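Novice: here are the coordinates; sequence isn't available:
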C-alpha cells in the first residue's frame, strides 16, 4: 500500500529527562512530517528524535528493513497553539538522507493534504495507519465510524471509534479516497450519559479524537514562517495546487536533495541523441513484473540511494506513478538522464525453462523515446551493416524464457527486447562465442538453474561513473554487475547471494578512440602494447563442457552497494557467500559458491 510507505514510527527522546517514547508521524511534503504537539512538545525533543520508515512485516511475516532519519527542527518546526488543546499538531522538517544508507527521504513519498472541509461525514468510516505501542505498522480498517464532527471555528476535531493504543498518536486518518482527513490525537473519555466528550464523570474511553486537516493547514498558513521558509512555501503551494492524495516521488533534485554532480551530467547528455527508431507493435502484457516473493523469502527490488542518484534521476512511469517498469518475469528501474537502466531484475525458474525464438527490439511506449536508447546508438552509421555496440540485454532473454506453457515463455522472451532492458556492450564482451566474459557468466548462471532445476532471482545493471565516455550523447558504462540470489536448501527462510562485476573498460576506450579518429579523418589508432584482454583476469577454468566459472571479480554485496548506490535488503546481505573485509558476514557459507550442491 503506497499510502503506508509515508507513515513512520517516531523514536522520541526528551534530553531534559532522558525519557524515551514511541509515536507515529507521516510525511506531508518531500521534507516535512506531521505528528502531534504532545509527541514533540519543544525543539529540544525534536532535535533528539528520529523517524523510522518501513518498520512493518512483509507478506511472509518477516520484518522489513528500516531506514532511520534524523528530524531537522532547525529548518522547520511549527507547533499548534498551546492555549488550544485541540491544536495538537507539530510540523517538523526531516533530514534528506538516511543515517546508515544515505537513502533519499523522497523514496517514501508523502501524503498530500487538502485544506478543504467536508472530506468525511458523520456515520462514514475512516482508516488509520499506525504504530500502536511502537510496534510494527498496523492498519485499522474496520469499525472506524465517525460519530461526531466539530467545526473549525469552534472545535476542529473528529470523534471516531477505532482500535488505537499509545504510540498511535500522530497517525493519519483516511477517508475512502485515501485523503488524510484528520491527525489522530488521543482517546476521549465516556461520561455517564454515554456521549463522547471531554471529562465529566469519567468511566471509560470509548471514542478517539483527531484534529481536522483543514484546521491544521489553515493554522500553518497563518504563521509568520509560512511566507519566509522555503519548505513551508513549497508545502502550502502543493496544497493549493492539489493533486493525487498519495504522492510517490521520482527522486529528482528538489528541496529534498540536490547533488552537485547532477547539473554537469545533464549538460553533457542528450543534445546529440537521435530519436530515430520504430516503435514495434506488441501484444505483450506488462502487468506482471519481477516477483519479490519468488524464492519464498522476500527479496524486493533494490532501493535507489543518494549515491546512485549522483549519476541520474530515477524515471517515473507516467501511467503508474512508480519507478518500476514491469515486464513478464522481470522489471527495470530506469536512469532517466542516461537512458539506461539502474537495474534490471528477473526471476528464473530452471524447472520450467523452454526453448523459444528471438524477437525484435522495440521502444517501450509507456515512457518517452528520449528516455530510452534506440538503434541509432548501436549502429555506427545508422545502418545494420556496420554494427558498433551490441544491443546487450541486461536481463537475458533466455533467463525469462520459462513458463507453464510455451506461449508464456515466448511472451517473456519477446518482452526482454524492450530498449529499457538494453545497454551498449562491446560484442567481444557480450557474446560468449567470442569469449565474452559477460556472456560466459550469463551462460554459467542459467545452466546452473536449469541443471539443478531451481529458482533464482537475478539483478543486472551497469556501474555508472562520472568518467564514463559519451558516445552519441550517451555515457557508455565501463563495468556491469550481476547479483544472483537463490534459496538456501539447508536453512529454511535463508538465502545465498553472490555478486559479480565484469568490465569492458579497455574495449570501450579503444572503440571510442577509433570512432573519434574516423570522424576527424585520422589514421585509426591501434591498441596500446600494454593492453590486457581482461583487466580482472580470466574468470573461467577448464575446457569444453567442463569449462566453468570460478570468479568474475566476485565481490561482497556490501561492496557492490558502495559501487552502485543500490541498496539490497538485509536478507540478501545476510546471504552473501563472501565475507566483508571486517568479517561481518559471519553467516557466509561455502564462500564463492552461490548454487547449492546436491
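Specialist: Thanks, I have it. Computed from a predicted structure; not experimentally measured. Numbering: from 1, shown residues only.
Novice: Residue 247 and residue 106 touch, don't they?
Specialist: No: look at residue 247 against residue 106 with Cβ atoms under 8 Å: they stay out of range, at 9.6 Å. Yep, even glycine has a C-beta here, placed from its N, CA and C like the rest.
Novice: out of the two, which sits in the more crowded spot?
Specialist: The neighbour count for residue 247 versus residue 106, taken as other Cβ atoms under 10 Å, is higher for residue 106 (25 against 20).
Novice: what about the more buried one, is that helix, strand or coil?
Specialist: helix (DSSP: H, G, I helix; E, B strand; the rest coil).
Novice: for residue 235, same thing?
Specialist: Quick answer, by three-state DSSP: residue 235 is helix.
Novice: mind checking pLDDT for it?
Specialist: pLDDT for residue 235: 95.
Novice: For residue 405, see how far away it is.
Specialist: 51 Å (Cβ to Cβ, to the nearest Å).
Novice: more crowded one of these two?
Specialist: residue 235 (26 against 10).
Novice: Excluding covalently adjacent residues, which one is nearest to that one?
Specialist: Nearest non-adjacent residue to residue 235, counting by Cβ to Cβ, 6 or more residues apart in numbering: residue 29, 4.2 Å away.
Novice: now residue 156
Specialist: Nearest one to residue 156, counting by Cβ to Cβ, 6+ apart, is residue 215 at 3.3 Å.
Novice: I'd assumed that neighbour was in a helix, is it?
Specialist: Yes: remark: residue 215 belongs to a helix, assigned using three-state DSSP.
Novice: Just give me the neighbour total for it.
Specialist: Neighbour tally, residue 215, other Cβ under 10 Å: 25.
Novice: What distance do you get for the closest residue in space to residue 20 that isn't next to it in sequence to residue 405?
Specialist: Of all residues not flanking residue 20 in the chain, residue 13 sits nearest, at 5.3 Å (Cβ to Cβ, 6+ apart). Distance, residue 13 to residue 405, using Cβ to Cβ: 58 Å.
Novice: unless I'm mixing things up, the residue nearest to residue 156 is touching residue 155, no?
Specialist: No: Residue 215 lies out of contact with residue 155 (Cβ under 8 Å); the separation is 9.4 Å.
Novice: Can you check which residues contact both of these two?
Specialist: In terms of Cβ atoms under 8 Å, 6 or more residues apart in numbering, residue 215 and residue 155 are both contacted by the residues residue 86.
Novice: which stretches of the stretch 351-500 of the chain have low pLDDT?
Specialist: Applying pLDDT under 70 to the stretch 351-500 of the chain flags residues 379-388, 428-451.
Novice: Quick one: the strands in it, in order.
Specialist: Listed from the start of the chain, the stretch 351-500 of the chain has strands (DSSP state E, counting those that start in this stretch) covering 390-393, 422-425, 455-463, 470-471, 474-475, 479-487, 495-503.
Novice: ok, and which of the ones you listed has the densest surroundings?
Specialist: strand 422-425 (a mean of 26; mean count of other Cβ atoms under 10 Å).
Novice: Parallel or antiparallel, which strands does that strand pair with?
Specialist: The strands beside strand 422-425 in its sheet (DSSP bridges) come out as strand 390-393 (antiparallel).
Novice: distance between the partner strand and the chain's centre?
Specialist: Distance of strand 390-393 from the chain centroid (Cα atoms, centre = their mean, to the nearest Å) equals 25 Å.
Novice: can you map out the helices along the stretch 1-150 of the chain?
Specialist: Listed in chain order, the helices of the stretch 1-150 of the chain (DSSP state H, counting those that start in this stretch) span residues 2-5, 43-48.
Novice: Enumerate the positions of the last one that are buried.
Specialist: If you call a residue buried by 16 or more other Cβ atoms under 10 Å, then helix 43-48 has these buried ones: 45-48.
Novice: Include distance to residue 372 and pLDDT when you put the residues you listed into a markdown table, please.
Specialist: Putting the buried residues of helix 43-48 into a markdown table (distance: Cβ to Cβ, whole Å; pLDDT from 0 to 100) gives the following:
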| residue | distance to residue 372 | pLDDT |
| --- | --- | --- |
| 45 | 48 | 95 |
| 46 | 44 | 96 |
| 47 | 45 | 94 |
| 48 | 46 | 93 |
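Novice: of all the residues you listed, which comes closest to residue 554?
Specialist: residue 48 (42.6 Å; Cβ to Cβ).
Novice: sorry, back to before: and residue 36, which of the helices of the stretch 1-150 of the chain is closest to it?
Specialist: Here helix 43-48 is closest among these (Cβ to Cβ), at 11.7 Å.
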